[in-house]
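Visitor: Sequence below, structure please.
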Amino acid sequence: MKKTLLMATALIPMLFPIQGNAADSYKVVFETMDCSGNTGFATVGPDEIYKVGNGDCSNPEDPGKKLKQLLIHDGQGSYKVYTLTQQEARNVMLEVKEYMKSRKGVLDRSGAIIISH
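Guide: Numbers count the residues shown, from 1 in each chain. Below is the predicted model:
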């Protein structure tokens, strides 16, 4: 009986990951575009996003619209900059809002505490 209880006690933490680690694993994926029209993809954590601002050039596919810049904390006091279309910037902002709403819902429904470092 003691061995079974000890084994169960050791396995339970592995079945339920710590909330802080689960929050860190969520990533936002988006399409980037530079001023020449070259595209790619980037992945960032929602908590790393600082802000979306106006870019320096027009969208090569739609010259009437400017590209946007997404500023990402690099963890060393400065930022990485990704350039994306206005629509993709809106999509990123919506995804972050949905993520934060979902994260808040988890807190509202339980006694969980999320600890960020």
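Visitor: lowest-confidence helix or strand of this protein?
Guide: Least confident element among the helices and strands of the chain, by mean pLDDT, DSSP states H and E: helix 2-15 (a mean of 49).
Visitor: Please look at residue 84 and residue 29 and confirm they touch.
Guide: No. Between residue 84 and residue 29 there is no contact, the gap being 11.7 Å when judged by CB atoms under 8 Å. Yep, even glycine has a C-beta here, placed from its N, CA and C like the rest.
Visitor: what number of residues lie near residue 100?
Guide: Counted with other CB atoms under 10 Å, residues neighbouring residue 100 total 12.
Visitor: Surely it forms part of a helix?
Guide: Yes. Going by DSSP: H, G, I helix; E, B strand; the rest coil, the assignment for residue 100 places it inside a helix.
Visitor: More neighbours: which of residue 84 and residue 29?
Guide: residue 84 (24 against 10).
Visitor: residues contacting the more buried one?
Guide: Under the criterion of CB atoms under 8 Å, 6 or more residues apart in numbering, the contact partners of residue 84 comprise 30, 31, 32, 33, 67, 68, 69, 70, 92.
Visitor: now the most centrally placed residue in the chain: how far from residue 109?
Guide: In the chain, the C-alpha nearest the mean C-alpha coordinate belongs to residue 46, at 2.4 Å (CA atoms, centre = their mean). Residue 46 is 20 Å from residue 109, where distance means CB to CB, to the nearest Å.
Visitor: Name whatever forms a beta bridge with residue 29.
Guide: Residue 29 forms beta bridges with residue 43, as assigned by DSSP bridges.
Visitor: Please work out the average pLDDT along stretch 27-45.
Guide: Stretch 27-45 shows a mean pLDDT of 96.
Visitor: list the buried ones in that stretch?
Guide: Residues of stretch 27-45 classed as buried by neighbour count (16 or more other CB atoms under 10 Å): 28, 30, 32, 33, 42, 44, 45.
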